[in-house]
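S.K.: here are the coordinates; sequence isn't available:
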């Protein structure tokens, strides 16, 4: 490991995220209050994600979909639960602000492979799972090269490319590019790709896994979550 990757990266991540949290705390408070009203309840969304060395942690975000259910107690479709406030949070990436807490705690880095779901991880090849050898990031090389508009395979290729050449200047370039993407609200809406599907669903759609293998992997993901 280079000195930056081994020592400086985590120190810089901690300092910048801590300062960012302090400066943005009033905005976080305002969005928490608005979110509690708009979502009619808890404005935060916590989800288990695999982190460094595949250790599961809770990723914290602002909730963008309500918990509205039908008369049988089933959640309504995503497009119904995603209200105008949720769409605003997603389009501006403000839903990611609470993840600053994850960076302070050491679950996340500012830059790194974006943490996917556990049920995505179990379908990855051993080579693709090497992306978990480093801390996942709030943003990453894949996010500034297409984000929602590239395939799963392309995302993993960018992740592996990043971990091979981690450097201060590469991280700085990705951060600046991320700000540009956020300001322009680029690559927010899906444009004909299926990378917003679960990875396992994508593989099943392409007939790259059988239904039996798909079910087995889903059970493996549930077992990981139970242990985590």
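M.R.: Everything's here; your move. Remember, predicted model here, so these are calculated numbers, not experimental data.

S.K.: where in this protein is pLDDT low?
M.R.: For the chain, applying pLDDT under 70 flags the ranges 1, 186-196.

S.K.: how are the helices of it distributed by residue range?
M.R.: 3, 9-38, 78-81, 84-92, 100-105, 118-121, 152-164, 168-184, 199-205, 211-227 (DSSP state H).

S.K.: let's have the ones you listed in JSON lines, adding distance to residue 48 and mean neighbour count.
M.R.: To be clear about C-beta, it is placed using only N, CA and C from the backbone, and glycine gets the same treatment. Listed next are the helices of the chain as JSON lines, based on distance: least, C-beta to C-beta, whole Å; neighbours: other C-beta atoms under 10 Å:
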{"stretch": "helix 3", "distance to residue 48": "32", "mean neighbour count": "9"}
{"stretch": "helix 9-38", "distance to residue 48": "21", "mean neighbour count": "14"}
{"stretch": "helix 78-81", "distance to residue 48": "19", "mean neighbour count": "12"}
{"stretch": "helix 84-92", "distance to residue 48": "20", "mean neighbour count": "16"}
{"stretch": "helix 100-105", "distance to residue 48": "12", "mean neighbour count": "20"}
{"stretch": "helix 118-121", "distance to residue 48": "6", "mean neighbour count": "21"}
{"stretch": "helix 152-164", "distance to residue 48": "19", "mean neighbour count": "18"}
{"stretch": "helix 168-184", "distance to residue 48": "24", "mean neighbour count": "15"}
{"stretch": "helix 199-205", "distance to residue 48": "16", "mean neighbour count": "18"}
{"stretch": "helix 211-227", "distance to residue 48": "6", "mean neighbour count": "13"}
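
S.K.: now distance to residue 128 too, for those helices, in TSV please.
M.R.: Converted to TSV, the helices of the chain look like this (distance: least, C-beta to C-beta, whole Å):
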stretch	distance to residue 128
helix 3	28
helix 9-38	22
helix 78-81	26
helix 84-92	26
helix 100-105	22
helix 118-121	9
helix 152-164	5
helix 168-184	20
helix 199-205	9
helix 211-227	14
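
S.K.: closest one to residue 60 among those helices?
M.R.: Within the helices of the chain, the stretch nearest residue 60 is helix 100-105; the backing value is 5.5 Å (C-beta to C-beta).

S.K.: ok now the closest one, how far from the chain's centre?
M.R.: Relative to its chain's centre, helix 100-105 lies at 14 Å (C-alpha atoms, centre = their mean, to the nearest Å).
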